[in-house]
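[1] take a look and give me a structure for this.
(one chain, ligands or ions: 1)
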Amino acid sequence: LILTLKRKRRMSLPGPRALPIFGNFFQIGGQAHISLTEMRKTYGDVFLIKLGMMPVVVVSGFETVKKVLGKQGEHFANRPNMYSFSLLANGKSMTFSEKYGETWKIHKKVMRNALRTLSKSDADSMNCSCRLEEYVCAEASDLVDTMQEMSKDHGSFNPSPLVILTVANVICALCFGKRYNHNDREFLRIIELNNEVQKVSGAGLLADFIPVFKFLPSKSLNELKKFTQTFNNFIAKSVQEHYGSHDQNNIRDITDALIKLCNDRNTTDKNYKLSNEQIIATVNDIFGAGFDTITSALLWCMLYLLKFPEMQEKIQKEIDEIIGTSRLPRFEDRKDLHYTEAFINEVLRHSSFVPFTIPHCTTMDTILNGYWLPKDTSVFINFFQVNHDQTVWKDANMFIPERFLDQSGHIDKSLMEKVFIFGMGVRKCVGEDIARNEMFIFLTTILQHFKLFKDSELDVDLTPVFGLTMKPKHFNIRIEDRI
Ligand code: HEM
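    Got it, this is the predicted structure:
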């Protein structure tokens, strides 16, 4: 009887009526963050949709999202069994496929520690505080040189391929201690692969939601399989090369840090529960996560700078006053460039280019806002809605960096934490610090050197191309030297 009552309670979750097989696909359309934000007005903070044949609970509203990721975080900490997730990292991904539990917690800690190694290890250059800073600043410096060449050769140009190569080089340096020439064929192949994987998975794979599609011929499914396999092989090859040249006393990168961990641990260690294969798959996760996200962030920053030239001038004034022109920006400048930091936070909030978390799933039966959700319920968390909620953000749809500054013109950290873009709680992004430092260095180095202009009379279009990470539509820039 109790079970029937519980089921009835779940049945009473509000939500739009679903079609057989296709569910609510057609109502949701191509801009899911907008349509699900609209639906919240009718159905509230917790409602049920069907994506194909998969029931999904959509969670919105600042307080409710905080409950799901914070107070009740452990209840919502799994990932659903999605077909596309099982293809990534041969099913060994901490991010997508491992089940939440003690071993998963150890794996996440291993990943966090591996990333930290690079922020702690000494740089070769006296001017940099750590190896991470050295890698990022070297790429930023190369980026401005290449922008200058492109401007000379073409006048206006599309910054996207260049930004992708730059960010990819940082993640290659972090993972494999190696930066590539922008014409290197192997490097270009990885980038192309990653783009394809993003395109295919961003479009949403029917096989994830309608199981029979796993067995039917499908171009996008075949592409995803082909690309993930090649990507997995590339990572495996790089790791193998590292085993050959590994020196326990000279940790060059994340792969080295992980190999050292495999070698050091003994059977009594807690982390022995992780297989070597799982530990090494960490590289795959970091590579995938740290690439597309930062690229999108930078492209969005550029687009907003074109849209609001007066804000560009304010950032340049701050750079001129605090950094000047005789040296390049460094991580430690972040604490002094308050307006620049406010601008970056407003780009993260306003664009909400990661509109949902990676899908979550309940680890146990639980109750949310009075609704009973059984174990293994898939949950989508709508960050876009929370970042545009009028009850949290005054004039939420306007772009106002100053909202992040307090009366003395300093960054208001408590407000920054209200922007949902890196997640929170047990499933929080492990790359937030790296991402924020990278965004800051690239943005300030570019603006220290150039004024950016749009290349047409048309108004800048902020409409995104929908995906796991949303990108701006194609745009070109013109630059003018400042130094
Ligand atoms: C997870 C955002 C950069 C590594 C996530 C999640 C979001 C996110 C929303 C999902 C949280 C959830 O499911 O609740 C971003 C944004 C970035 C960024 C906006 C850049 C602007 C990075 C970088 C790295 C990274 C640079 C690594 C170097 C990860 C990993 C996870 C993750 C490993 C999975 C965590 C888990 O499943 O527990 N990120 N991320 N991210 N991110 Fe990031």
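[2] what number of residues lie near the nearest residue to S129 once chain neighbours are set aside?
    What sits nearest to S129 in space, not counting adjacent residues and going by C-beta to C-beta, 6 or more residues apart in numbering, is F331, at 6.3 Å. C-beta here means a position set from N, CA and C on the backbone, and glycine is covered the same way. Counted with other C-beta atoms under 10 Å, residues neighbouring F331 total 20.
[3] and if you look at F466?
    18.
[4] pLDDT score for it?
    You'll see F466 listed with a pLDDT of 83.
[5] so it touches Q31, yeah?
    Yes. The pair F466 / Q31 is scored as a contact, 5.4 Å apart, by C-beta atoms under 8 Å.
[6] after the helix or strand hosting W372, next one along is what?
    Assigned by DSSP states H and E, W372 belongs to strand 371-373. The first helix or strand that comes after strand 371-373 along the chain, using DSSP H and E, is strand 378-381.
[7] by contact count, what packs against the helix or strand just after that following strand?
    Tracing the chain past strand 378-381, the next element assigned as helix or strand by DSSP H and E is helix 383-387. Secondary-structure packing of helix 383-387 (3 or more C-beta pairs under 8 Å, 6 or more residues apart in numbering; DSSP states H and E): helix 32-43, helix 62-66.
[8] helix 383-387 near the ligand at all?
    No. Contact of helix 383-387 with the ligand (C-beta under 6 Å from any ligand atom) is absent, the minimum separation being 6.8 Å.
[9] I'd like the C-alpha coordinates of whichever helix or strand comes after that helix written as PDB, please.
    The C-terminal neighbour of helix 383-387 among helices and strands, as given by DSSP H and E, is helix 413-416. The C-alpha trace of helix 413-416 is given here as PDB (Å, rounded to 0.1, in the frame of the first residue of the first chain):
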ATOM      1  CA  LYS A 413      32.200  37.200  -3.400                       C
ATOM      2  CA  SER A 414      28.800  36.100  -1.900                       C
ATOM      3  CA  LEU A 415      27.100  37.300  -5.100                       C
ATOM      4  CA  MET A 416      29.700  35.500  -7.300                       C
END
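[10] pLDDT on the helix or strand just after helix 413-416, on average?
    Reading on from helix 413-416 to the C-terminus, the next helix or strand found by DSSP H and E is helix 432-449. On average, the pLDDT along helix 432-449 is 97.
[11] in its sheet, what does the helix or strand just after helix 432-449 sit against?
    Using DSSP H and E, the helix or strand that follows helix 432-449 in sequence is strand 450-454. Looking at strand 450-454 with DSSP bridges, its partner strands are strand 477-481 (antiparallel).
[12] pull the residues that contact the strand it pairs with.
    The contact list for strand 477-481 (C-beta atoms under 8 Å, 6 or more residues apart in numbering) reads 147-148, 151, 155-159, 302, 306, 449-455.
[13] can you report how many residues lie near the residue in the stretch 51-200 of the chain that the ligand sits nearest to?
    Closest residue of the stretch 51-200 of the chain to the ligand, C-beta to the nearest ligand atom: T95 (3.8 Å). T95 sits with 23 neighbouring residues when counted by other C-beta under 10 Å.
[14] and the contacts of strand 477-481, which of them are buried?
    Among the contacts of strand 477-481, the ones that count as buried by 16 or more other C-beta atoms under 10 Å are 147, 151, 156-157, 159, 302, 306, 449-450, 452-454.
[15] and of the residues you listed, the nearest to D122?
    H449 (27.9 Å; C-beta to C-beta).
[16] quick one: that closest one and R482 touch, right?
    Yes. H449 is within contact range of R482, at 6.0 Å (criterion: C-beta under 8 Å).
[17] now the residue of the chain found nearest the ligand. Nearest residue, chain neighbours left out?
    With distances taken as C-beta to the nearest ligand atom, the chain approaches the ligand most closely at G431, which sits 2.1 Å away. Closest residue to G431 apart from its sequence neighbours, by C-beta to C-beta, 6+ apart: G290 at 5.3 Å.
[18] cool, and F85?
    Per C-beta to C-beta, 6+ apart, closest to F85 is F96, 4.0 Å.
[19] which SSE is that neighbour in?
    Under DSSP H and E, no helix or strand contains F96.
[20] retrieve the pLDDT associated with it.
    Looking at F96, its pLDDT stands at 91.
[21] give the contact list for Y304.
    Y304 neighbours (C-beta under 8 Å, 6+ apart): 311, 343, 346-347, 350-351, 399, 462.
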